[in-house]
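Novice: need a 3D model of the sequence below.
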Amino acid sequence: MKRIHKSGKTIVHVTHNQIECFSLGNKIAVMNSGEIVQTSKPKELFVTPGNKFVARFLGYENIFDAKLVEKQGSVSLVNVNGVKLKVSEVIDTPECTVAIRPEDVNLSSSPKRNGATNVLEGTVIEFVDQGPTVSVIVDIGLSFSVNMTKRVFVDRNLELDQKVWLSFKSESLKVIN
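Specialist: Numbers count the residues shown, from 1 in each chain. Purely as a prediction, here's the structure:
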């Protein structure tokens with residue numbers, strides 16, 4: 001398939017397999033109920049999902065409705081159920097939706113910034129073993145999903161009800177429609 005794609009011929013390839021989609025396509029259309037909801041180049045689609053459906057489809061597990069608190073230059077401060085988050089985008093509406101992929105969030109047993117703009121204290125409430133990775137669900141005033149390799153999970157010796165800190169860059173938090 002990849003050889004045929006490179007031949008320069010126009011090909012429409014329909015799949016539910018995201019690996020096929022991102023490895024073969026040079027333009028991707030995401031459909032919902034038979035309607036195209038977003039078209040884009042693979043990297044652009046991955047980085048800037050256009051709505052909640054596309055974000056969920058692409059693996060953004062942390063999707064929250066937010067209210068603008070203030071603009072701080074090129075950064076906006078939003079409130080999600082009492083939790084304040086910094087976003088590296090200028091938001092011009094009083095309400096928006098923000099999303100972050102679970103692998104873009106770091107989890108530690110102490111408050112480490114490591115270049116992160118958002119550092120939040122929480123409590124481990126659940127583990128979901130996914131084979132080579134583990135999804136750790138943390139309550140920070142809202143439920144937050146963090147993905148890590150099983151090796152990192154085992155090395156950190158995480159337990160239920162353990163106090164932890166989440167950290168992530170404001171650039172990782174995306175504003176979607």
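Novice: spatially central residue in this protein, please.
Specialist: Geometric centre of the chain, nearest residue: Arg101, 1.8 Å, by Cα atoms, centre = their mean.
Novice: what sits against that one?
Specialist: The neighbourhood of Arg101, defined by Cβ atoms under 8 Å, 6 or more residues apart in numbering, consists of Gly59, Tyr60, Glu61, Asn62, Ser172. C-beta: built from backbone N, CA, C; applies to glycine.
Novice: let's see it at 7 Å
Specialist: By Cβ atoms under 7 Å, 6 or more residues apart in numbering, the contact set of Arg101 is Gly59, Tyr60.
Novice: again with Arg156
Specialist: Taking Cβ under 7 Å, 6+ apart, one finds nothing in contact with Arg156.
Novice: okay, now the domains of this structure?
Specialist: 1-47, 100-168 (automatic domain parsing).
Novice: can you tell me which residues contact the nearest residue to Gly82 once chain neighbours are set aside?
Specialist: Excluding the flanking residues, the one nearest Gly82 by Cβ to Cβ, 6 or more residues apart in numbering is Gly141, at 5.4 Å. Residues in contact with Gly141 (Cβ under 7 Å, 6+ apart) are Asn81, Gly82, Val83.
Novice: just the helices in this structure please.
Specialist: Applying DSSP state H to the chain gives helices spanning 2-6, 18-24, 42-47, 52-57, 150-156.
Novice: closest to Gln130 out of those?
Specialist: Nearest of the helices of the chain to Gln130, taken as Cβ to Cβ: helix 150-156 at 8.6 Å.
Novice: chain neighbours aside, what residue packs nearest to Phe22?
Specialist: Nearest residue to Phe22 in three dimensions, chain neighbours excluded: Pro42, at 4.9 Å (Cβ to Cβ, 6+ apart).
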